[in-house]
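1. show me the folded form of this:
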Amino acid sequence: MKKILSLILVISISLFFLAFSIEINSYNKNYYLRSYEKHGVYDVTKRSEEDLSVITNDIISYLKGHGGDELLTPHFNEREVLHMRDVQDLFNLARTIKYISFLVSLAIIFLFLYRKEYISLGRTLFYGPFFLYFLLILLAILASKDFTKYFTYFHLVFFDNDLWILDPRTDLMIQMLPEAFFMGMALRILLSFLVFLSIIQIIGKIYERRGLKSYENLSGEIKGNIFKKQ
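-> Numbering: from 1, shown residues only. You can find the predicted model right below:
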């Protein structure tokens, strides 16, 4: 039972921080603005910084679920808006996963603490992320060799239509958010996720040492009582 709980904890914590990493980076307006400057978006779109700033605010608000199509229709055509509906559905799903995984993680951690199983909790938090590191490094290597290929795979897996295929000659969305934008976004999400996992490992090591110290103290007390009886 303890092993099952440990596995569920690793999965739920990973899902929480992955969803959280996606959110904090996708909602970071400064990254969008820096990307526009870096990739010449102002020249491509023939839009001013003020115009793109307003549009970006509406995109982020839409992703957060703070509004519907009315946020996008002043800026984008029908195909782009329909695609963004699918994107919003993914963000809503990620938000749901974030909340559920947080509650599951919290419940299991409290259970470990209630039982004073500090060593088990600590080792779960410390050793659990190592397998994820392997997967993330492998994914990063593959994506770095051919990002377009795996970016296409992502769309084929998560979207059941071809609305994501936009025309850079006419569609503002793909002009604002070219592939290079998503490459940088993916890297930021990956780095954020790794930082959070590292913090979890540090916390895990602290709990493991606390558990070992408690075990040593308890062992010392037991030995002391035995010697007293003798």
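
2. what helix or strand is Phe134 located in?
-> helix 129-145 (DSSP states H and E).

3. point out where the protein drops to low pLDDT.
-> 212-230 (pLDDT under 70).

4. assign a three-state SS to Asp160, would you?
-> Here Asp160 is recorded as coil under DSSP: H, G, I helix; E, B strand; the rest coil.

5. what is the burial count for it?
-> 8 (other CB atoms under 10 Å). Using the backbone N, CA and C atoms, a C-beta is placed for each residue, glycine as well.

6. please apply the same query to Leu9.
-> Using other CB under 10 Å, Leu9 has 23 other residues around it.

7. next, it: phi, psi?
-> The phi/psi pair for Leu9 (degrees, to the nearest 10) reads phi -60, psi -50.

8. same check on the one 4 residues further on?
-> For Ile13, the backbone dihedrals are phi -60, psi -40 (criterion: degrees, to the nearest 10).

9. now find how far off-centre the helix or strand Leu82 falls within is within its chain.
-> According to DSSP H and E, Leu82 maps onto helix 78-114. Chain-centre distance of helix 78-114: 10 Å, with CA atoms, centre = their mean, to the nearest Å.

10. please apply the same query to stretch 49-59.
-> Using CA atoms, centre = their mean, the offset of stretch 49-59 from its chain centre is 24 Å.

11. identify the residues contacting that stretch?
-> Outside stretch 49-59, the residues that touch it by CB atoms under 8 Å, 6 or more residues apart in numbering are 29, 32-33, 36, 41-42, 45, 47, 67, 71-72, 74-75, 84, 172, 176.

12. just stretch 170-184 next, same as before
-> Stretch 170-184 has contacts (CB under 8 Å, 6+ apart) with 31-32, 35-36, 38-39, 41, 44-45, 47, 52, 55-56, 75-77, 79-80, 83-84, 147-148, 151, 166-168.

13. which of the residues you listed fall within helices?
-> 31-32, 35-36, 38, 41, 44-45, 52, 55-56, 79-80, 83-84, 147-148, 151 (DSSP state H).

14. if we can go back for a sec, CA atoms only for the helix holding Phe134, dumped as PDB, please.
-> Extracted as PDB, the C-alpha positions of helix 129-145 are listed here (Å, rounded to 0.1, in the frame of the first residue of the first chain):
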ATOM      1  CA  PRO A 129      11.700  12.700 -10.000                       C
ATOM      2  CA  PHE A 130      14.800  11.000 -11.300                       C
ATOM      3  CA  PHE A 131      12.900   8.900 -13.800                       C
ATOM      4  CA  LEU A 132      11.200  12.100 -15.000                       C
ATOM      5  CA  TYR A 133      14.600  13.700 -15.500                       C
ATOM      6  CA  PHE A 134      15.500  10.800 -17.900                       C
ATOM      7  CA  LEU A 135      12.200  11.300 -19.800                       C
ATOM      8  CA  LEU A 136      12.600  15.100 -20.000                       C
ATOM      9  CA  ILE A 137      16.200  14.900 -21.200                       C
ATOM     10  CA  LEU A 138      15.200  12.400 -23.800                       C
ATOM     11  CA  LEU A 139      12.300  14.600 -24.900                       C
ATOM     12  CA  ALA A 140      14.500  17.700 -25.000                       C
ATOM     13  CA  ILE A 141      17.100  15.900 -27.200                       C
ATOM     14  CA  LEU A 142      14.500  14.700 -29.700                       C
ATOM     15  CA  ALA A 143      12.800  18.100 -29.800                       C
ATOM     16  CA  SER A 144      16.100  20.000 -30.300                       C
ATOM     17  CA  LYS A 145      16.900  17.900 -33.300                       C
END
